[in-house]
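A.B. asks: Need coordinates for the following:
(one chain, ligands or ions: 1)
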Amino acid sequence: MTSPDFMEKIVSLAKRRGFIFQSSEIYGGLNGAWDYGPLGCELKRNVKNAWWQSVVHYREDVVGLDASILMHPKTWEASGHTANFADMMVDCKNTKCSRRLRADQLNKGKCPFCGGSEFTDERAFNLMLQTNLGAMQDSSSVVYLRPETAQGIFVNFANVIDSTHRKLPFGIAQIGKSFRNEITPGNFTFRTREFEQMEIEYFCKPEEASDKYREWIQARFNWYIGLGMKKENLKLREHGQEELAHYAAGCTDVEYNFPFGWSELEGIANRGDYDLKQHAKFSGKDLQYQDPLTNEKFFPHVIEPSGGCDRATLAFLVDAYHEETVNDAVRVVMKFHPALSPVKVAVLPLLKKNEGIVRLARKIKSELQKDMVCVYDDTAAIGKLYRRQDEVGTNFCVTVDVQSLEDNQVTVRDRDTMRQERVSLEGLAGYLKERLR
Ligand code: GAP
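C.D. replies: The predicted model follows:
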């Protein structure tokens, strides 16, 4: 399967099965925006929950935050986004093409669309999306839709310290929407104009920064592996000196082998004390940390693991895709980790007109759904229902048949091995819970 074919299969399955739809499709779509369907929103929510559990609930040194998307415009002056958050753009001078391109997209000096080789001079194009707040629509009312969640964390640094009495090292984690007026959105949900980020700002003493940076790189890499991502599809790429911001001591990307090539999933940056210093300067507030033992005051250094929910969700979709031939037919299986699969169990009555079977199947579903996401499906023959559940990655199918009414047992089918086992109703929830861990 060639890479474009593979990507085509993912996009087609995502639409067919209700994972991801084009935004406002009935109006022809909106470039760079996508909607998550019934299964996609479950999958993405599971990705976010797994991240939150791993970086907030399972740690004692990280707390959560949910800052607003709209922030004081000075935030972006302090962070450098107003002046520097820009792509360099050129326009193709071929009048039949006239495309606006990122300067770094030119293919050996040629337009990748028409092959033209004449362009306008490079111009900076700021990527922040802007809107107006309040009744006036002039420069005094301009605000930006945040291009990253990180700044919401920095501006709340003192609030979190004052309210939680945290000692260094500690982190603040946040999941939320970000917006960028990307010039060339593309590769499905990989590069969009509206997306969600999962970011941590981890504050530490300057002398600890290098060790914490290494620890976070490993922790973040292991998170993907722990959720079943194939190790051979992941790698770390350390940025060269020329790629680093002037204040940064290091940055390493976790990259995934997408069908369109190795690309960034997440970046882990060692940012020094730049951000807090900038906000202290622009706000006039003291954002230094006071060591409780020595009373020494200083700006903590920051390690920033910054990932994208949508990119992670896309990578988990791609990684889970599996095809095999069973009885001369292609079986498509989404081999999601149990923590990520949108549906854990499908309860299937073998005969939908048998009242006893239907009653029992409904009862099983209503019991199981207290512990795991379940669906009830009686809309096709059993073979077809199994294939449908395989294609959306449901871990187990529980089939209720006539025999179940007599022996209080059901057939449990495993998605990956297709093995079927009779399990007593009494032990069913425990059986499933153990295997979904
Ligand atoms: N605070 C640091 C920061 O925002 P970034 O590398 O620009 O760093 C972090 O973004 C992550 O956010 C990326 O690794 C990616 O997963 C996600 N991301 C960035 N731009 C995106 C876009 N246009 N569409 C989807 N995800 C994006």
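
A.B. asks: From the centre of this structure, point out the most distant residue.
C.D. replies: Most distant from the centre of the chain: Glu406, at 46.2 Å, with distances by Cα atoms, centre = their mean.

A.B. asks: doesn't Val143 make contact with Met71?
C.D. replies: Yes: counting by Cβ atoms under 8 Å, Val143 is a contact partner of Met71 at 7.5 Å. Bear in mind the C-beta positions are built from the backbone N, C-alpha and C, glycine included.

A.B. asks: hmm, back to that, please tell me how far the residue farthest from the centre of the chain sits from the ligand.
C.D. replies: Remark: distance between Glu406 and the ligand (Cβ to the nearest ligand atom, to the nearest Å) = 54 Å.

A.B. asks: And the pLDDT at that residue?
C.D. replies: Here the pLDDT value assigned to Glu406 is 97.

A.B. asks: what bridges to Tyr144?
C.D. replies: Following DSSP bridges, Tyr144 is listed with bridge partners Gln130.

A.B. asks: Provide a list of residues in contact with it.
C.D. replies: The neighbours of Tyr144, taking Cβ atoms under 8 Å, 6 or more residues apart in numbering as the test, are Leu70, Met71, Pro73, Trp76, His81, Met128, Leu129, Gln130, Thr131.

A.B. asks: Start and end of stretch 217-237, how far apart?
C.D. replies: The first and last residues of stretch 217-237 sit 10 Å apart, counting by Cα to Cα, to the nearest Å.

A.B. asks: and what of stretch 200-211?
C.D. replies: 16 Å.

A.B. asks: and it, how far from the chain's centre?
C.D. replies: 24 Å (Cα atoms, centre = their mean, to the nearest Å).

A.B. asks: Show residues contacting it.
C.D. replies: 55, 62, 150, 153-154, 157, 168-174, 212, 216, 249, 270, 272-273, 275, 289, 298, 300-306.

A.B. asks: and the ligand, which of the residues you listed contact it?
C.D. replies: Among the contacts of stretch 200-211, the ones lying near the ligand by Cβ under 6 Å from any ligand atom are Ala150, Glu304, Ser306.

A.B. asks: Just the element for the closest residue to the first one other than its chain neighbours, please.
C.D. replies: Using Cβ to Cβ, 6 or more residues apart in numbering and skipping the chain neighbours, the partner closest in space to Ala150 is Glu199 (5.2 Å). In this structure, Glu199 sits in strand 194-204 according to DSSP states H and E.

A.B. asks: May I see the buried residues of that strand?
C.D. replies: By neighbour count on 16 or more other Cβ atoms under 10 Å, the buried set for strand 194-204 is Glu194, Phe195, Glu196, Gln197, Met198, Glu199, Ile200, Glu201, Tyr202, Phe203, Cys204.

A.B. asks: what sits against the fourth one?
C.D. replies: Which is Gln197. Gln197 makes contact with Glu148, Thr149, Ala150, Gln174, Ile175, Gly176, Lys177, Ser178, Ser306, Gly307, Gly308, Cys309, according to Cβ under 8 Å, 6+ apart.

A.B. asks: is it true that the second one touches Gln174?
C.D. replies: Yes: the pair Thr149 and Gln174 qualifies as a contact (Cβ under 8 Å) at a distance of 4.8 Å.

A.B. asks: So what's the residue count around the residue of the stretch 251-400 of the chain found nearest the ligand?
C.D. replies: Per Cβ to the nearest ligand atom, Gly308 is where the stretch 251-400 of the chain lies closest to the ligand, at 2.4 Å. The local packing of Gly308 (other Cβ atoms under 10 Å) involves 23 other residues.

A.B. asks: Phi first, then psi, for it.
C.D. replies: Taking degrees, to the nearest 10, you get phi -110, psi 130 for the backbone angles of Gly308.

A.B. asks: Next one: it relative to Glu238, how far apart?
C.D. replies: 19 Å (Cβ to Cβ, to the nearest Å).

A.B. asks: cool, and Gln22?
C.D. replies: 36 Å.

A.B. asks: Wasn't Ser117 part of a helix?
C.D. replies: No: assigned with DSSP: H, G, I helix; E, B strand; the rest coil, Ser117 falls outside any helix and is coil.

A.B. asks: more neighbours, Gln22 and Glu238?
C.D. replies: With neighbours defined as other Cβ under 10 Å, Gln22 and Glu238 compare such that Gln22 has more, 17 against 11.

A.B. asks: Check the offset of stretch 243-261 from the chain's centre.
C.D. replies: 16 Å.

A.B. asks: From start to finish, how long is it in a straight line?
C.D. replies: So stretch 243-261: terminal residues 20 Å apart, Cα to Cα.

A.B. asks: so where's this protein uncertain?
C.D. replies: For the chain, applying pLDDT under 70 flags the ranges 1-2.

A.B. asks: Can you show me the helices along it?
C.D. replies: 3-16, 38-52, 74-79, 81-84, 150-154, 157-164, 209-226, 274-283, 309-320, 355-368, 382-392, 402-407, 425-435 (DSSP state H).

A.B. asks: any chance of these in TSV, with distance to Val332 too?
C.D. replies: Shown next, in TSV, are the helices of the chain (distance: least, Cβ to Cβ, whole Å):
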stretch	distance to Val332
helix 3-16	7
helix 38-52	14
helix 74-79	44
helix 81-84	43
helix 150-154	38
helix 157-164	46
helix 209-226	23
helix 274-283	45
helix 309-320	10
helix 355-368	25
helix 382-392	5
helix 402-407	29
helix 425-435	22
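
A.B. asks: Fine by me, thanks again.
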